[in-house]
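**Student:** fold the following and give me the result.
(chains A and B)
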There are 2 protein chains.
Amino acid sequence: MSDVFQDALAGLASIVGDKHIIASGSDQEPYVVDWRGRYHGRAVAVVKPGSTAEVSSVVRYCAEKRLAIVPQGGNTGMCGAATPDDRAGNVVIRPDRMRTVRDVSPLANTVTVEAGCILAEVQSAARDVDRYFPLSLGAEGSCQIGGNISTNAGGTAVLRYGPTRDLVLGLEVVLPDGRVFNGLRALRKDNTGYALKQLFIGAEGTLGIVIAAVLKLFAPPRSSALALLKLRGVEQALEIMARLRGAVGDRLGSLEIMSRSQIEAIAATVPHVTIPFALTTPWYLIVELTDTLANVDLNEPLAAVLADAMEAGLAEDAILASNLAQAKAIWAVRHSVSEGNKRSGYVVSHDSVVPLERQAAFVANVEARIKAAVPHANVVMHGHIGDGNIHVIVLIDRARCQDPAATAALVAEINEIVDDETAAQGGAISAEHGIGITNRGRLARVADPLDIELMRGIKQLLDPQGLMNPGKIFGAGAASR
Amino acid sequence: MSDVFQDALAGLASIVGDKHIIASGSDQEPYVVDWRGRYHGRAVAVVKPGSTAEVSSVVRYCAEKRLAIVPQGGNTGMCGAATPDDRAGNVVIRPDRMRTVRDVSPLANTVTVEAGCILAEVQSAARDVDRYFPLSLGAEGSCQIGGNISTNAGGTAVLRYGPTRDLVLGLEVVLPDGRVFNGLRALRKDNTGYALKQLFIGAEGTLGIVIAAVLKLFAPPRSSALALLKLRGVEQALEIMARLRGAVGDRLGSLEIMSRSQIEAIAATVPHVTIPFALTTPWYLIVELTDTLANVDLNEPLAAVLADAMEAGLAEDAILASNLAQAKAIWAVRHSVSEGNKRSGYVVSHDSVVPLERQAAFVANVEARIKAAVPHANVVMHGHIGDGNIHVIVLIDRARCQDPAATAALVAEINEIVDDETAAQGGAISAEHGIGITNRGRLARVADPLDIELMRGIKQLLDPQGLMNPGKIFGAGAASR
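**Tutor:** Take a look at the predicted model:
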């Protein structure tokens, strides 16, 4: 290690203490490689500050020494946004030791948490006072709330509660120069100038490090009902959604769709999951209603909409879960999509979002174009149809993916088809996963140049040295401006 | 008029047409004076472009000629944010001719509107397809949706649906250099970089001109129940709110509080309003529950919470409205606060927001300090207690307000007390009214200098010439940077 880096290690250790710093070597592995193993970076140190003041000092130190800073949460992101690049001078900052639930108020319906809190801990802190924090996603047992905020995480409750952005009342952020943006206020309304906190939500740590947040809580759902519908097409799912809204208003909690090919991939590869219904149509829709009151009969209105939909020819069949076990068996299929796809082949996944009524055209066009271009591809789909966010997953026989260059070319070809169709339907290439490293080239290709110019201007304003999470969102060029 | 301004008039007329431009003179009066008559500005022209392209051309023209641009909606704002200053070279841009509801989709729960649409028209477009646009405020018959978005308007539905910011999916904005930010997308999720659209919401037209928006719609409320509670203090209102949340979850629609002094001011001065209950306690709380389903009995759970609250000593008395007429009579009191206050004296009003559980201390301290400083002041209060936003209104005998300088000093003294107490309680000086001209000095006094620095940086980035609505938010200094 060079003297410069030895000095940096010593300097950082003097701020956070020897115990809370990991020098380069095998102990660093979990922090410099993303959880899927796609990106392998390097770092002079991984530091774990214990307070806002320590984060601030670490950042000031890095700014002075021109060391790049990579804020990292639970390292569960989908796009490599928390992984350092391969320059040796990176400093990874993790808030693992800042894990206090500072305050929870059932009266104000708020919880104040430090960035290192695991999402499941935030949910649990809410439950303890008979309240509900709705953000829910696969990694909730290990992802950190600071990362959820920095990536504006989505998940399964967006339909009713919105993405993470909608759940944040206040934020504390350490800026790239080490100063602290003090927006940690539990205010439900605030019209005193520009919405600065919004800049940091979803910025993937490129504008600063989220340190603490005040989050909204809600009344917990206490009644629910669930059904599975068999459909001929996506159009029918949307029509059924409209009827549900008319019939049950805001009790519509989840609306998840899967293609027959998606369920077949699970059935063929995930032995512990049994598909509790026959596959007789191209599409399957899970509908869940919830109510914040206990003992509300939601089965009755749900059954009425199902009967109505079948009579109108919108659904071929409908199964109303008559007990919790049945409901769980249906959800188990939905929760196995990632596992089933991984076991079925090389996965090329997408996260497009389009206006709701464009979804049918989007999936039809994308599937046709991919199958024309790559006849051996298996296209499966699942997603949040109430949000306009259907994940198009292309599964390729692993035997065909032995050559990295050819595989990369194939992935690029598929991405281009999906991105062009997304743009043609007025959509965006990432609904919830973000840009990070994975999608920066795609964003540069499809985004309005004016948007990129404005984003770069904001980046330059807050991080003129380009040291805060370089290479994310904008591509490598933006790292050094 | 100087040759320069004659040229400007001709140049602008060549873009929008002679019919759609108003030169200086008495016809301009409604556009250069705010509706309350507090600010009197000047303009070389008021222009009414008919399309995004025309707005863009007008802005380009102004940028080239260094004419200041003042975007104006319905001119119903509370802080003078849409009124030009007294420099002769201002150009007021109004979107009155851009008033089309471009699309309304009950399926996607969205409405796409042009900036000149009156708020009531947006509500009505939603109703026509059996949907609900929740933004609701006193000026809804004349305010424009572009202004609502630019000021992040609040109103009476924030408790359940959030402020305007939470209702905006997509935005089209003409930037200070005339380029068009094309974020007019009906996407419920979008994680492709920084949240640019958020910058323009609530920026009071200082960063660009909102031209069109995609807004969220909801299932309409179809059942409701209303009660009035008599309380000893604000603490009790918060405790009752917590119990209501536990009992009825998200059916809590409105929670409006008034002080006894507030109701007495109405009783003494507004002859057409009868107070339908005896004034026996210091505070009065209106509770309204709503449900998106028809024929839901909300009276029963409301009555149960009221009985519970009285038994626990939280409420001295409670009146459950047994029919619509009774409910209307109670709402009529709340809707008369502005009229009653205006008739009761010179009005010094405030729009502070504090964390919910700080409201009791906030109102007690503010009232005590104002009465100690200004013994003849009548302090009345009303507001949205579920949002932490209690308006503190100080009524002064008009006979004492004959001298403008002395009155200004008195107002400044009162503002300072309220602002200091707001800061002490972790609050913000404007919950929903904004900054504009009225509050720019107060913001400069209480805001974190870092926040102001970041805001000025964003202003400089988007509007380097300082021509877009100069003098708003930052004070006169920011107009020319």
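
**Student:** for the residue nearest to residue A:158 when sequence neighbours are not counted, phi and psi?
**Tutor:** Leaving aside its sequence neighbours, residue A:158 sits nearest to residue A:387 (CB to CB, 6 or more residues apart in numbering or on different chains; 5.3 Å). (Glycine included, C-beta is placed from N, CA and C.) Phi and psi for residue A:387, reported as degrees, to the nearest 10, are phi -100, psi 0.

**Student:** I'd like the distance between residue A:387 and residue A:443.
**Tutor:** 20 Å (CB to CB, to the nearest Å).

**Student:** who has more neighbours, those two?
**Tutor:** The neighbour count for residue A:387 versus residue A:443, taken as other CB atoms under 10 Å in any protein chain shown, is higher for residue A:443 (24 against 21).

**Student:** doesn't that one belong to a helix?
**Tutor:** Yes - under DSSP: H, G, I helix; E, B strand; the rest coil, residue A:443 sits within a helix.

**Student:** that one: what's it in contact with?
**Tutor:** By CB atoms under 8 Å, 6 or more residues apart in numbering or on different chains, the contact list for residue A:443 reads A:429, A:430, A:435, A:452, A:473, B:192, B:193.

**Student:** tell me which two in those are the farthest apart.
**Tutor:** A:430 and A:452 (14.5 Å; CB to CB).

**Student:** the two - which one has more neighbours?
**Tutor:** Set residue A:430 next to residue A:452 and count neighbours by other CB under 10 Å: residue A:430 wins out with 27 against 17.

**Student:** how near is the more buried one to chain B?
**Tutor:** As judged by CB to the nearest CB, to the nearest Å, residue A:430 and chain B stand 5 Å apart.

**Student:** so that residue touches residue A:447, yeah?
**Tutor:** No - applying CB atoms under 8 Å, one finds residue A:430 not in contact with residue A:447, separated by 10.8 Å.

**Student:** list the contacts for residue A:204?
**Tutor:** Contacts of residue A:204 (CB under 8 Å, 6+ apart): A:81, A:150, A:151, A:434, A:435, A:436, A:469, A:472, A:473.

**Student:** that's a helix at residue A:329, yeah?
**Tutor:** Yes - per three-state DSSP, residue A:329 lies within a helix segment.

**Student:** pretty sure it sits against residue A:286.
**Tutor:** No - with contact defined as CB under 8 Å, residue A:329 and residue A:286 do not form a contacting pair (11.3 Å).

**Student:** I'd like the average pLDDT over stretch A:465-481.
**Tutor:** Stretch A:465-481 shows a mean pLDDT of 75.

**Student:** quick one: contacts for the residue in the stretch 251-400 of chain A that chain B sits nearest to?
**Tutor:** Using CB to the nearest CB, the closest approach of the stretch 251-400 of chain A to chain B is made by residue A:292 at 2.3 Å. Taking CB under 8 Å, 6+ apart, we find residue A:292 in contact with A:218, A:219, A:220, A:221, A:222, B:248, B:249, B:250, B:251.

**Student:** just the buried subset of those residues, please.
**Tutor:** A:218, A:219, A:220, A:221, B:248, B:249, B:250, B:251 (16 or more other CB atoms under 10 Å in any protein chain shown).

**Student:** okay, and which of those map to helices?
**Tutor:** Among the buried ones among the contacts of residue A:292, the members falling in helices are residue B:248 (criterion: DSSP state H).

**Student:** okay, the buried ones among the contacts of residue A:292 in CSV with pLDDT and distance to residue A:33 next?
**Tutor:** Formatted as CSV, the buried ones among the contacts of residue A:292 follow (pLDDT from 0 to 100; distance: CB to CB, whole Å):
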residue, pLDDT, distance to residue A:33
A:218, 94, 36
A:219, 91, 41
A:220, 92, 38
A:221, 93, 38
B:248, 89, 49
B:249, 86, 44
B:250, 85, 42
B:251, 92, 48
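
**Student:** show me what from the stretch 351-481 of chain A comes close to chain B.
**Tutor:** Residues of the stretch 351-481 of chain A lying close to chain B (CB under 8 Å from any CB of the partner chain) are A:351, A:353-357, A:386-389, A:426-435, A:443, A:447-448, A:450-452, A:454-455, A:457-458, A:461-462, A:473.

**Student:** hang on, the earlier thing: between the contacts of residue A:443, which is closest to residue A:2?
**Tutor:** Nearest to residue A:2 out of the contacts of residue A:443 is residue A:473 (CB to CB; 29.4 Å).

**Student:** give me the number of neighbouring residues for the closest one.
**Tutor:** Counted with other CB under 10 Å, residue A:473 comes out at 29.

**Student:** what's the helix or strand for it?
**Tutor:** Counting by DSSP states H and E, there is no helix or strand that carries residue A:473.

**Student:** what sits against it?
**Tutor:** A:81, A:203, A:204, A:206, A:435, A:436, A:440, A:443, A:455, B:193, B:194.

**Student:** who touches both of residue A:430 and residue A:447?
**Tutor:** residue B:192.

**Student:** for residue B:253, see how far away residue A:199 is.
**Tutor:** Residue A:199 is 32 Å from residue B:253, by CB to CB.

**Student:** just the CA coordinates of the strand or helix carrying residue A:412, formatted as PDB?
**Tutor:** Taking DSSP H and E as the criterion, residue A:412 maps to helix A:404-424. Included here for helix A:404-424 are C-alpha records, laid out as PDB according to Å, rounded to 0.1, in the frame of the first residue of the first chain:
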ATOM      1  CA  PRO A 404     -18.900 -13.100 -22.000                       C
ATOM      2  CA  ALA A 405     -18.600 -10.800 -25.000                       C
ATOM      3  CA  ALA A 406     -21.400 -12.500 -26.900                       C
ATOM      4  CA  THR A 407     -23.500 -12.500 -23.800                       C
ATOM      5  CA  ALA A 408     -22.900  -8.800 -23.200                       C
ATOM      6  CA  ALA A 409     -23.900  -8.100 -26.800                       C
ATOM      7  CA  LEU A 410     -27.100 -10.200 -26.500                       C
ATOM      8  CA  VAL A 411     -28.000  -8.400 -23.200                       C
ATOM      9  CA  ALA A 412     -27.400  -5.000 -24.900                       C
ATOM     10  CA  GLU A 413     -29.600  -6.000 -27.800                       C
ATOM     11  CA  ILE A 414     -32.400  -7.100 -25.500                       C
ATOM     12  CA  ASN A 415     -32.100  -3.900 -23.400                       C
ATOM     13  CA  GLU A 416     -32.300  -1.800 -26.400                       C
ATOM     14  CA  ILE A 417     -35.500  -3.400 -27.500                       C
ATOM     15  CA  VAL A 418     -37.100  -2.900 -24.100                       C
ATOM     16  CA  ASP A 419     -35.800   0.700 -23.700                       C
ATOM     17  CA  ASP A 420     -37.000   1.800 -27.100                       C
ATOM     18  CA  GLU A 421     -40.400   0.300 -26.500                       C
ATOM     19  CA  THR A 422     -40.500   1.900 -23.000                       C
ATOM     20  CA  ALA A 423     -39.700   5.300 -24.600                       C
ATOM     21  CA  ALA A 424     -42.300   4.700 -27.300                       C
END
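
**Student:** list the buried residues in stretch A:56-71.
**Tutor:** For stretch A:56-71, a neighbour-count test (16+ other CB under 10 Å) marks A:56-63, A:65, A:67-71 as buried.
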